[in-house]
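J.: fold the following.
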Amino acid sequence: MTNADFWKRIDAIINGDFATEGLQMLDYYAELFINGRVVYKRFSPFEQHGCSAGGATHVIASILAAAKARSDSGVAPYGDNFKREIECGAQQAECIEQWARCIGCWTDCVDKTLSSSLGEQIAEGGEAKVYDHGATLVKTIGLDYFIQPILALDRISLHNAYFPETRLTVLGFGRTENGEFKIVVEQPFVEGIHVNDSQIEEYMHNMGFELRNPRNWTYATPDIYLSDMHDENILQTADGTIVVVDCDIRINTPELKQGGTRTLSTDVEVL
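T.: Residues are numbered from 1 along each chain as shown. Next up, the predicted model:
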C-alpha cells in the first residue's frame, strides 16, 4: 500500500461517517502503527513509540487529524496563516469528535462532568485543568497553545518519547460548555520536590538541549523545541530522579526560529 492509498482509505472512512467497517479498519491501522508496520514519517521511530504509548485512541486521533491537515496542506505550521490555521484546526476537531462519539470516548461539558465524577480540581494552567484521580491525574488539555489538534497530539507523543516516567495516555475527547475542544488524558501522580533553574539547565544539557531563552524557560535541539521548563513543571523524586510533569514540547521547525531543521510531514510507509 502506498502513502496515497493509505490516506485515500482513511478519507473514505471519514467520508463514510465512521461506519462499523470503517471503525474496524481504523483499529486495524492503529494496531499496525503500534507494531511499527505503519511508519509515520512525521516522527523518528523513537517518537512514534511515544505516540503508541499514548494508546490506540491517541494513535487513531493523530491519524484522523493528519488526514484533515493533509486536505488543507496550504496551512503553514505555527501561525503563519492564523485564520486558515483556525479553520483547519476546527476541521480536525470536528472529525475527531464525530469518530469519538461513534466509539463512546466523547464527553459533553467535559470539565463539569469530570469535576462531578473525579472530584477535586487541583490545578489549572494556561491550557489544562488537572483533577485528582488517586494514583493518577486526569487532565483536560485545550488548544490554546496549538490551535490545531494535530499539534496538541504531537505534544503528547513527544512528551511520552522524551519523558516516559510521566507518560500521557489519551482517554478521550470532549468540549466545554463554551464549545472549547479538549483532549482528556491520564498521567501517573508523581510525588517530589521542586528543583531550581540551575538543576533544570543541567538536566536538559545532559539530554542534549541548549538553553535558548531563559525568560520563558525555552530549550531546543535541531529536532525538538521545549518551553515552560520551569520549577512548577519539574520534580525531583525521593531517589533523586528528575521528572518532567508538564511542558510545551514540539517538533522544531524553522518557523519556530529556534534552530529547528524538521518539517511536519504527514506521509506514511506501510511495511
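
J.: go ahead and confirm E180 touches T140.
T.: No: using C-beta atoms under 8 Å, E180 is not in contact with T140, being 9.3 Å away. Where C-beta positions appear, they are placed from N, C-alpha and C, glycine not excepted.

J.: domain-wise, how is the protein divided?
T.: 3-190+266-270, 193-256 (automatic domain parsing).

J.: E180 and T140: who's more crowded?
T.: More crowded of E180 and T140, by other C-beta atoms under 10 Å: T140, with 26 against 15.

J.: excluding residues flanking it in the chain, which one is nearest the more buried one?
T.: Nearest residue to T140, sequence neighbours excluded (C-beta to C-beta, 6 or more residues apart in numbering): K182, at 4.3 Å.

J.: I'd assumed the one you found was in a helix, is it?
T.: No: according to DSSP: H, G, I helix; E, B strand; the rest coil, K182 belongs to no helix; its state is strand.

J.: tell me the pLDDT at it?
T.: Note on K182: pLDDT of 97.

J.: ok, it touching I141?
T.: Yes: counting by C-beta under 8 Å, I141 is a contact partner of K182 at 6.5 Å.

J.: I'd like the average pLDDT over the strand or helix carrying K83.
T.: Here K83, judged by DSSP states H and E, is contained in helix 82-103. Here helix 82-103 scores 94 as its mean pLDDT.

J.: what residues sit buried inside that helix?
T.: Applying a neighbour-count criterion of 16 or more other C-beta atoms under 10 Å, the buried positions in helix 82-103 are 85, 88-93, 95-97, 99-100, 102.

J.: looking at strand pairing, list the partners for the residue nearest to T140.
T.: Counting by DSSP bridges, K182 forms beta bridges with G174.

J.: renumber starting at 368 from here on
T.: Renumbered: residue one is now 368, and that last one reads K549.

J.: OK, contacts around it?
T.: Going by C-beta atoms under 8 Å, 6 or more residues apart in numbering, K549 touches 477-478, 507-509, 540-543.

J.: what kind of secondary structure is the residue lying closest to G383 once chain neighbours are set aside in?
T.: Among residues not flanking G383 along the chain, G389 sits closest, at 5.1 Å (C-beta to C-beta, 6+ apart). Secondary structure assignment for G389 (three-state DSSP): helix.

J.: next: T507.
T.: Three-state call for T507 (three-state DSSP): strand.

J.: again with V497
T.: strand.

J.: how far off centre is the strand or helix carrying M392?
T.: Using DSSP H and E, the element containing M392 is helix 387-401. How far helix 387-401 lies from its chain's middle: 20 Å, per C-alpha atoms, centre = their mean, to the nearest Å.

J.: ok, the helix or strand that it is followed by: who's next to it in the sheet?
T.: Reading on from helix 387-401 to the C-terminus, the next helix or strand found by DSSP H and E is strand 405-407. Sheet pairing for strand 405-407, assigned by DSSP bridges, gives strand 635-637 (antiparallel).

J.: got the buried residues for the strand it pairs with?
T.: V635.

J.: residues in contact with it?
T.: With C-beta under 8 Å, 6+ apart, strand 635-637 has contacts from 368-370, 373-374, 399, 404-408.

J.: for A434, list the residues it contacts.
T.: 374, 377-378, 381, 462.
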